[in-house]
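Novice: Got a predicted structure here, sequence first:
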Amino acid sequence: MGKGRFITFEGPEGAGKTTQIRLLEDYLRLKGKECITVREPGGTPIGDGIRQILLSTEFSDMRPRTEILLYAASRAQLVDQVIRPALEQGKIVLCDRYVDSSIAYQGYGAQWDLQEVIQINEWATGGLKPDRTYLLDLPVEMSQSRMKNRGGKKDRMELKEKLFHERVREGFLSLAQSAPERYRKLDACLSKEEIFGQLAEDILNLVKD
Ligand SMILES: Nc1ncnc2c1ncn2[C@@H]1O[C@H](COP(=O)(O)OP(=O)(O)OP(=O)(O)O)[C@@H](O)[C@H]1O
Ligand SMILES: Cc1cn([C@H]2C[C@H](O)[C@@H](COP(=O)(O)O)O2)c(=O)[nH]c1=O
């Protein structure tokens, strides 16, 4: 049995997290690795219910404490029900967003106390940390233009002002800088293939045993 590895993807809306996770999943399977993909908020029936509440524009009056706790509640369920069991079975877990999204959006974006966000999430996850985090960094204008091209209605988080999203980007960049051993920053303006080339080069070392 291989050693379980927990790999997370972070970055703004439209950065290409889903695209890169799909490419990576195929690549790892070809290399004979067992992996699963999950996303946050969601990834379990309870988490999917919480996701609907969190992203619905009906709840524009959601309070910051409620928002932080709902993201953490979805995460607690996902860690306990899906992520830890998969890691114990030696699988590679690819996770679209994790605790760093709460630090970036609720901490930096909404300007809530960073230490409180960190502590709540430490408790919710039982301290589970990723082995590797890929940050797909993209300017806010490009994120918003990709969202526009994708079409459909904006969700509650996408509707937040541009300055909020600028602070989120700063938050991610600061997180990446403060943990260089865990983070790999990728330029999300590059082509899908160029980004994946960089990712694939890094991942093989990480999952070799
Ligand atoms: N490197 C890239 N260059 C140009 N367009 C890209 C690139 N990567 C992804 N896209 C396109 O941008 C859009 C968003 O990509 P994707 O869904 O992978 O992003 P995401 O980070 O998962 O977004 P979200 O957080 O909103 O779910 C899609 O239309 C996708 O085809
Ligand atoms: C996990 C997490 C997510 N968010 C925000 C980020 C996005 O705007 C949405 C999730 O939707 P997407 O399909 O991944 O773009 O929720 C957040 O604010 N805090 C979090 O912890």
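Specialist: Structure's in. What do you need? Ligands and ions are numbered 1, 2, ... in the order given.

Novice: Kindly report the residues of the protein close to ligand 2.
Specialist: Counting by C-beta under 6 Å from any ligand atom, the chain comes close to ligand 2 at 13, 40-41, 71, 97, 101-102, 105-106, 157. For every residue, glycine as well, the C-beta is placed using N, CA and C.

Novice: Export those residues as CSV, with columns for secondary structure, pLDDT and neighbour count.
Specialist: Listed next are the residues of the chain next to ligand 2 as CSV, based on DSSP: H, G, I helix; E, B strand; the rest coil; pLDDT from 0 to 100; neighbours: other C-beta atoms under 10 Å:
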residue, secondary structure, pLDDT, neighbour count
Glu13, coil, 97, 18
Glu40, coil, 98, 21
Pro41, coil, 98, 25
Tyr71, helix, 98, 26
Arg97, coil, 98, 22
Ser101, helix, 98, 27
Ser102, helix, 98, 24
Tyr105, helix, 98, 25
Gln106, helix, 98, 26
Met157, coil, 96, 17
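
Novice: and of the residues you listed, the nearest to ligand 1?
Specialist: Using C-beta to the nearest ligand atom, Glu13 comes nearest to ligand 1 of the residues of the chain next to ligand 2, at 3.7 Å.

Novice: mind listing the strands in the chain by residue range?
Specialist: Listed in chain order, the strands found in the chain under DSSP state E are 5-10, 35-39, 92-96, 132-137, 183-187.

Novice: Would you convert those into CSV that also reports mean neighbour count?
Specialist: Below are those laid out as CSV (neighbours: other C-beta atoms under 10 Å):
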stretch, mean neighbour count
strand 5-10, 24
strand 35-39, 19
strand 92-96, 23
strand 132-137, 23
strand 183-187, 18
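
Novice: Same list (the ones you listed) but as a markdown table, adding distance to ligand 1 and mean pLDDT.
Specialist: Shown next, in a markdown table, are the strands of the chain (distance: least, C-beta to the nearest ligand atom, whole Å; pLDDT from 0 to 100):
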| stretch | distance to ligand 1 | mean pLDDT |
| --- | --- | --- |
| strand 5-10 | 8 | 98 |
| strand 35-39 | 8 | 98 |
| strand 92-96 | 6 | 98 |
| strand 132-137 | 6 | 98 |
| strand 183-187 | 9 | 98 |
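
Novice: so which of the residues of the chain next to ligand 2 are also by ligand 1?
Specialist: Among the residues of the chain next to ligand 2, ligand 1 is touched by Glu13 when using C-beta under 6 Å from any ligand atom.

Novice: out of the residues of the chain next to ligand 2, who's nearest Leu87?
Specialist: Glu40 (16.0 Å; C-beta to C-beta).

Novice: what's Glu201 in contact with, if anything?
Specialist: Contacts for Glu201 (C-beta atoms under 8 Å, 6 or more residues apart in numbering) come out as none.
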